[in-house]
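Undergrad: sequence? don't have it. structure:
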């Protein structure tokens, strides 16, 4: 990876589904957890400010406590700015529907809560790391309050800007002052 990466945004959605090689194989995924980690290391070697988003499924048929802990280890090692996580649900006609050892719903609930707690902790840490930084934001729509606009950061995080910062579609420079729930609060720079 030695291409000029100035055009690569600092945000990448790279689904992994699980951290357990055994579960990835059962899902018919072609990668292993270590392959995923090595790929991220390569990308971050040329784009250190890369923030990741991923997808996770808990409770796939046959998932053991050890398999789930492999997923938690992968999440801790990678560190996500955002992620989507779901409980496995059987769908007729899919390969997973015919697999044995379906995981109890209560176990899936507990695993999902644990995973989401870790992912939320990482997301808030990432957002907190942006406080005090300057960035370009694309204005997308008016906010809920008079004179407020909502924009998107380079990491696709909603950014709330007060005091009539500009028109929808404009790029503006802002300084992040604080974080909100799944958002940043910023002021337009002159």
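TA: All right, it came through fine. Note that the coordinates shown come from a computational prediction; the quantities given were computed from them, not determined experimentally.
Undergrad: packing partners of the lengthiest helix in the chain?
TA: Longest helix of the chain, by residue count under DSSP state H: helix 105-129. With contacts taken as 3 or more Cβ pairs under 8 Å, 6 or more residues apart in numbering; DSSP states H and E, helix 105-129 sits against strand 51-58, helix 65-78, strand 82-87, strand 171-180. C-beta: built from backbone N, CA, C; applies to glycine.
Undergrad: what is the second one packed up against?
TA: Read it as helix 65-78. helix 21-26, helix 33-46, strand 51-58, helix 105-129.
Undergrad: one step back: now the helices and strands packed on helix 105-129 in JSON lines, with mean neighbour count?
TA: What follows is those, written out as JSON lines (neighbours: other Cβ atoms under 10 Å):
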{"stretch": "strand 51-58", "mean neighbour count": "21"}
{"stretch": "helix 65-78", "mean neighbour count": "17"}
{"stretch": "strand 82-87", "mean neighbour count": "18"}
{"stretch": "strand 171-180", "mean neighbour count": "16"}
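Undergrad: with mean pLDDT and distance to residue 137 added, can I get those in TSV?
TA: Below are those laid out as TSV (pLDDT from 0 to 100; distance: least, Cβ to Cβ, whole Å):
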stretch	mean pLDDT	distance to residue 137
strand 51-58	97	15
helix 65-78	98	26
strand 82-87	97	17
strand 171-180	97	5
